[in-house]
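Q: The following block contains a protein sequence and its predicted model.
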Amino acid sequence: MNSSLEIKSNIEDMSNLEIAQVLAQRMMISSYDWHKLKNNRKAQAAQQLTASLVYLLNDETEEALARINQAQGWLNHTVNPLPCPTHGHKKNS
């Protein structure tokens, strides 16, 4: 399967958007690592900032700004991790 995010042989052949997408993909916290990194403010902020760069390069400034603000919240401790979506929730009958 060909993807726009495939590693190219030379970084100079990649667009800024492609480079940002690769970086955002690398910084994304997977569901496998969520429990380990949910309180890691640096990892959370980096995930948000790299996503914001992708949005900015796609001319989606409002989405970029939202992620920048989220990253700032992680770094200044005004944002806290949400509880795990698969734990501690009781279904209402």
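A: On my side now, so go ahead. Numbers count the residues shown, from 1 in each chain.
Q: Just list the residues touching the residue nearest the centre of the chain, thanks.
A: Centroid-nearest residue in the chain: Q47, 3.2 Å away (criterion: CA atoms, centre = their mean). Q47 is in contact with 24, 27-29, counting by CB atoms under 8 Å, 6 or more residues apart in numbering. In short, each C-beta sits where N, CA and C put it, glycine included.
Q: residues of the least confident helix or strand in the chain by mean pLDDT that come out buried?
A: Within the chain, no helix or strand scores below helix 34-37, which has a mean of 88 by mean pLDDT, DSSP states H and E. Under the neighbour-count criterion of 16 or more other CB atoms under 10 Å, helix 34-37 has L37 buried.
Q: On the pLDDT front, check M1 for me.
A: If you check M1, the pLDDT there is 47.
Q: Ok, the one 10 residues further on next?
A: pLDDT recorded at I11 is 81.
Q: quick one: it and I19 touch, right?
A: Yes - judged on CB atoms under 8 Å, I11 makes contact with I19 at a distance of 6.9 Å.
Q: more neighbours, those two?
A: Relative neighbour count places I19 above the other of I11 and I19, with 15 against 10, counting by other CB atoms under 10 Å.
Q: rewinding a little: could you find the closest non-adjacent residue to the residue nearest to the centre of the chain?
A: Nearest residue to Q47, sequence neighbours excluded (CB to CB, 6 or more residues apart in numbering): M27, at 5.0 Å.
Q: returning to what we had before: in PDB, please show the C-alpha coordinates belonging to the least confident helix or strand of the chain.
A: Coordinates of each C-alpha in helix 34-37 appear next as PDB, following Å, rounded to 0.1, in the frame of the first residue of the first chain:
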ATOM      1  CA  TRP A  34      -1.600   5.700  26.300                       C
ATOM      2  CA  HIS A  35      -1.500   4.500  29.900                       C
ATOM      3  CA  LYS A  36       2.300   4.900  30.000                       C
ATOM      4  CA  LEU A  37       2.300   8.500  28.600                       C
END
